[in-house]
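A.B. asks: Task: produce atomic coordinates for the following.
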Amino acid sequence: MAIHKHNSWGRTRSPKNIAGPPGTAAGIESSTTPLLSGTTGYQTVGYATENQRYLHVLVTDKHASTPAAVTVFGYCHAFQRWFQIPQLDLYSEASGGNAASITVGDSTRAATAQTPDDTEYRAYVIIGIDRVAFVGVTANISVFAACSTF
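C.D. replies: Okay, the predicted model is just below:
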C-alpha cells in the first residue's frame, strides 16, 4: 500500500522558504516582460505561495556600490494577471498606491563581511495571491523570500 505524502505546506507557523531549502535565494526577474499575459509561461514565473497569508522578504546587498531595489509582484489564477503588490508593510504599516519596493543601500562591505544592519526585511499580507515574483537588478542584490500562515 502506498503512503500518501502531502505536497502542499498546509498551515505553517514558521516561514517556509519559497525558493527551496532554507538559505536559498529567490530568483529575480530583470524586467516585467515575463509577467505579461502574452508571454509564454507567464503563469509559472516566480514562486507559488501555496495560499499562505504572509510573505516575508529579506533583501541583502551584493556590494555593487549603489543602492538597489526590488519590486514585488503578485499573480492570481482567477484573474490570470500579474499586478503590483501594494506597499503595505506589516510592521511599519506604511502604505501607498505604489508597488511594494524594497531598497537596500550599498554596505561598502563584501557580502561575506556584512552585518544584519546591511539588510532590509519586510512582511506583506498576500491573501488570495497564488504566485509572487521579484523584479530588480540581480547583480546588485539578493532576495530571500518565505511564506507563512501565521
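A.B. asks: any idea how far residue 58 is from residue 115?
C.D. replies: 14 Å (C-beta to C-beta, to the nearest Å). Every C-beta, even on glycine, is put in place using the N, C-alpha and C of the backbone.
A.B. asks: more crowded one of the two?
C.D. replies: The neighbour comparison of residue 115 against residue 58 (other C-beta atoms under 10 Å) goes to residue 58, with 20 against 8.
A.B. asks: Could you list the low-pLDDT ranges of the protein?
C.D. replies: In the predicted model, the chain carries pLDDT under 70 at residues 1-12, 64, 88-98.
A.B. asks: what about the strands in it?
C.D. replies: Along the chain, counting by DSSP state E, strands occupy 16-17, 47-48, 54-61, 68-76, 81-84, 86-88, 95-99, 101-104, 119-125, 131-136, 141-148.
A.B. asks: can you put these in TSV and add distance to residue 40?
C.D. replies: Output for the strands of the chain, formatted as TSV (distance: least, C-beta to C-beta, whole Å):
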stretch	distance to residue 40
strand 16-17	27
strand 47-48	18
strand 54-61	26
strand 68-76	15
strand 81-84	14
strand 86-88	28
strand 95-99	24
strand 101-104	27
strand 119-125	28
strand 131-136	15
strand 141-148	24
